[in-house]
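# just coords:
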Ligand code: SF4
């Protein structure tokens, strides 16, 4: 479990920022030394045992640790859950996402879960109850400052939780939640060995079987966090219940349905499931990408497609161990039909917008409607221009097909008024035709998304835009030539790029310094005289990615460090602002100069944190989506 | 005497016959020459005699190939040049340059091949140059070599670097200008202008009308296009009557009418659109527009240009029924104006160095916004080092901006 230095540093700073110095110091120690018992943490961190325990407690509460109990010593050993720690930075985005899809109530609940860490359902209910009671206590709010309650009743809370659990955004803690993936794997291995292969594994067949059993076991562990979801599903699922209760009315008032949700077991401990949250964030990113490349309206449609398709996707990147061996892969990828999408499109949306209107005769129906029943093999996304795999079959019927088209459509008015499903299909077809392949038209009126190649494509786009911003458009040009053509000498590069020799050399040097291009020396003869060698340029995309990832972490670290420096500088003003008689009325209570500094600090803080979150956008794309 | 006359006649006859039978590149074997039936009774001895005279007069050039001796003819003017040369050294040098053809030849190659003294070779070259028989040339592949070429030949594309080179230098201004034109052409042909389009839609011409609205020349000459633009605006403001320009949120068409005309917008064309411009379309357009009056651009040249646009991320290929057309990328972000128009509208005093008027800015990425993204000392920046976030000037600039100055004054 190697964590790059920059990430460790960032996670520690993030913990510091959110939970204070004590947990951060414990965390830093764990990052440095790996798995440790309390005794050792005390020793290395130079904190006393009480402090360490305190720190661990906070960390544990927020699911930032893994622990195992050492069989020999009986001591618990702790290690970092760096994924979780990193996800802290996404809190804001997740809240916004939940707000969009589940409204302010969902957001409120999520926010509380974020603040509390993992929580017993009963505790959460009690906390809300207290708030509700307070708000309902008329006497306490004489000076009509009564806060607007987002969650107004226990039933509503229950219902919101049910929605979130069904969406997998919230899941349950179970016995193995606090064990690292590695640890779990070890255990499952052992179990499988004990139960099925007490005499050891012999032969390839047994080995395959063993692997399957392990994968199965691992999946079972993973499924444990979904117990609540399953229970809800057994009750028929929210949408079904709603349908039964409200009949055909689609816009029933949600408040009235709350009673229909089964009460959650108060003993269950729940937490935010970041894996699924990241899936949602990915969808948002994709929609944004479409709105930049095709248009707003198409992006809206795409959003609906993704919503349907990601319902049953729990994670962005399937686990190689657990998911490759399942039948899931062999099974068809989930798809969605035009009508299913249409059902979700708001009636106020005018689907005719966003696409140019031209007469039917200049459209080749057969080309637009072409079905691609199978996912593309893992092809290298950069080669797209050279890619001619579907050339031949197209050529075969193109002529006759065009004839047919013209005949069929000439009779119509040039731009016939399309039915609404047809309007929707126009957007879907456009998505299917797009270069990155946003959707695949996998069957008659059926649509699916091949996330893996699509995300690969998007990553390359991000890299491209970073290269363009670093080395200009000519830098981008050279990179893309090298990606398409492979290794090239300077002469070839020059003639392909139509650039002057001096410009080219300067650009390549620039790119090499930035880590986007590399050279390889090919000696002309076995004397290997460097003067005579040929130098070939090439791009190593993977290396570029990992370089960028490290840079992202480092930059975020720098942002947080700068923030800390500023905080130290304005210490006096900040502590003043914290005083209870000042808080909330800073402007009136502070001297002008102090207030200006205070305001400036807040502004800087906002900027820096926003920047950290923006960088996370890039980072997420590069390594998580 | 009679013999000599006879030979003279046969010589001329054979020469003309050879010219009739092929270009000055064709090699004739003995058999080929005999089969022309110029030499009576296939008399081989006579043939050899005639050929000898032709070679002496430089009208025939002998060649040894794998299958034996063969000859090709040389034009009379060229032959005259040879015969007018006073000595064999000059003749040999001239022959070398002649043989090299349009690619030209390096003076060192001449020297080495003829095993000639440097000074003598230079003399020869000087003489030939003065006579106007050969000329020095530049070869882009070997810019530092002194090359020579027959004076009446144009250097080959390989030597000049093709149409993109002017006097051995890559003509980036020309390339850029042409690229802009190609880009504008693709942009115009691969998108739909939401503003003018509504009219076209109703007029029945649809895409066709929209296509013709901007005449091809307009793309080349910014001013014409400008007036076209204005016209488009006026028309649509008066005539748009339905949904095309109304945004999803725009409640009524009247507001759309009022709000929209100022901002025409490009939209993608429906999937399956058959007329995305292909390279050959672009080549035709460039040809008809007559922009490149003294250079002819082949389709391959245009392909090269389009490829560069592709590598720049400005256009992308779309295949519809096996026909490979091109369209611009990131259509909703594209400017509706042409490159030229954008240049004219650009106010340099408003800051920002614009390197290209083609396409759109790269989409912002969080990493590049932060100072570290572009930081020149990123590699050595570390807390505790000489450069660190706590003393970072870039962050100070980024956060404080103009306020830095104020603070300095207040201190
Ligand atoms: S010097 Fe400043 S801008 Fe540069 S890397 Fe360090 S913190 Fe970032």
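Done, it's in. Worth saying up front: this structure is predicted, and the values here are computed from it rather than measured.

# Please count neighbours and contacts with C-alpha atoms only from this point.
Fine.

# Okay, buried residues for stretch A:169-181 please.
A:169-174, A:176-180 (16 or more other CA atoms under 10 Å in any protein chain shown).

# tell me the phi and psi of residue B:140?
Dihedral pair for residue B:140: phi -70, psi -30, per degrees, to the nearest 10.

# I'd guessed it sits against residue B:162; true?
No: counting by CA atoms under 8 Å, residue B:140 does not reach residue B:162; the two are 9.5 Å apart.

# list the residues that contact both of those two?
Here residue B:140 and residue B:162 have no joint contacts, going by CA atoms under 8 Å, 6 or more residues apart in numbering or on different chains.

# Tell me, how many residues neighbour the nearest residue to residue A:269 once chain neighbours are set aside?
Spatially, and ignoring its direct neighbours in sequence, residue A:269 is nearest to residue A:120 (4.0 Å; CA to CA, 6 or more residues apart in numbering or on different chains). Burial measure for residue A:120: 19 neighbouring residues, criterion other CA atoms under 10 Å in any protein chain shown.

# Any residue of whichever strand or helix holds residue A:291 touching chain B?
Element membership of residue A:291, judged by DSSP states H and E, is helix A:274-293. Yes: interface with chain B: helix A:274-293 contributes A:291-293 (CA under 8 Å from any CA of the partner chain).

# who touches that helix?
Residues from elsewhere that reach helix A:274-293 (CA under 8 Å, 6+ apart): A:84, A:87, A:93-94, A:97, A:168-169, A:296-300, A:302-303, A:306-307, A:310, A:313-316, A:621, A:624-625, B:329-333.

# of these, list those near the ligand.
Taking CA under 6 Å from any ligand atom as the test, the ligand is in contact with none of the contacts of helix A:274-293.

# Restricted to helices, list these.
Mapping the contacts of helix A:274-293 onto helices (DSSP state H) picks out A:84, A:87, A:93-94, A:97, A:296-300, A:302-303, A:306-307.

# Of the residues you listed, which is the nearest to residue B:19?
Among these, residue A:298 lies closest to residue B:19 (CA to CA), at 67.7 Å.

# what about that closest one, neighbour count?
24.

# Show the contacting residues for residue A:296.
Going by CA under 8 Å, 6+ apart, residue A:296 touches A:290, A:354.

# Most widely separated two among the ones in helices among the contacts of helix A:274-293?
By the measure CA to CA, A:84 and A:297 form the most distant pair in the ones in helices among the contacts of helix A:274-293, at 35.1 Å.

# Quick one: list the elements packing against the one helix or strand residue A:162 maps to.
Using DSSP H and E, residue A:162 sits in helix A:154-166. If contacts are counted by 3 or more CA pairs under 8 Å, 6 or more residues apart in numbering or on different chains; DSSP states H and E, helix A:154-166 sits against helix A:91-116, helix A:121-136, strand A:170-172, helix A:227-234.

# These: which one's closest to residue A:348?
Nearest of the helices and strands packed on helix A:154-166 to residue A:348, taken as CA to CA: helix A:91-116 at 17.8 Å.

# Off-centre distance for stretch A:533-547?
28 Å (CA atoms, centre = their mean, to the nearest Å).

# ok, back up a step: the helix holding residue A:162 to helix A:227-234, inter-axis angle?
Counting by axes from the mean of the first three to the mean of the last three CA atoms, to 10 degrees, helix A:154-166 points 100 degrees away from the direction of helix A:227-234.

# one step back: for the residues of helix A:274-293 next to chain B, pick the one with the most neighbours.
Neighbour counts for the residues of helix A:274-293 next to chain B, by other CA under 10 Å, peak at residue A:293, which reaches 22 neighbours.

# how about low-confidence regions in the chain?
By default, I'm working from chain A. Scanning chain A for pLDDT under 70 picks out A:1-2, A:137-148, A:235-261, A:320-333, A:374-417.

# look at chain B instead
B:1-2, B:161, B:168, B:195-263, B:292-295, B:348-355, B:402-411.

# at 90 what do you get?
Where chain B drops to pLDDT under 90, the residues are B:1-181, B:184, B:187-275, B:280, B:282-302, B:304-305, B:312-314, B:318-325, B:328-411.

# who in it is up against the ligand?
Going by CA under 6 Å from any ligand atom, the residues of chain B near the ligand are B:371-372, B:375, B:377-378, B:381, B:387-389, B:392, B:394-395.

# Can you list which of the residues you listed are found in helices?
Of these, the ones assigned to helices by DSSP H are B:394-395.

# Pull out the buried members of the residues of chain B next to the ligand.
B:371-372, B:378, B:381, B:387-389, B:392, B:394-395.

# Select, from those residues, the two members most distant in space.
B:371 and B:387 (13.4 Å).

# Tell me how far the closest residue to the ligand within chain A lies from residue A:498.
The nearest approach of chain A to the ligand comes at residue A:558, 5.2 Å away (CA to the nearest ligand atom). Distance, residue A:558 to residue A:498, using CA to CA, to the nearest Å: 39 Å.

# Going by how many neighbours each has, rank the two and give me the top one.
Using other CA under 10 Å as the criterion, residue A:558 and residue A:498 rank with residue A:558 on top: 26 against 21.

# That one reaches residue B:392, doesn't it?
No: with contact defined as CA under 8 Å, residue A:558 does not reach residue B:392; the gap is 9.5 Å.

# hmm, back to that, looking at residue A:84 and residue A:297, which has the bigger crowd around it?
The residue with more neighbours, out of residue A:84 and residue A:297, is residue A:297; 22 against 17, by other CA under 10 Å.

# which residues does that one contact?
Neighbouring residues of residue A:297 by CA under 8 Å, 6+ apart: A:291, A:351, A:353-354.

# So which of the residues you listed belong to helices?
Counting by DSSP H, the part of these found in helices is residue A:291.

# Who wins on neighbours among the contacts of residue A:297?
Highest neighbour count within the contacts of residue A:297: residue A:354, with 27 neighbours (other CA under 10 Å).

# thought that one was touching residue A:299?
No: counting by CA under 8 Å, residue A:354 does not reach residue A:299; the two are 9.8 Å apart.

# Now do the shared contacts for those two.
In contact with both residue A:354 and residue A:299: no residue, using CA under 8 Å, 6+ apart.

# Would stretch A:491-503 count as contacting chain B?
Yes: Stretch A:491-503 comes into contact with chain B (CA under 8 Å from any CA), by way of A:496-500.

# Now for those: which two are most distant?
Greatest spacing in the residues of stretch A:491-503 next to chain B, by CA to CA: A:496 and A:500 (11.0 Å).
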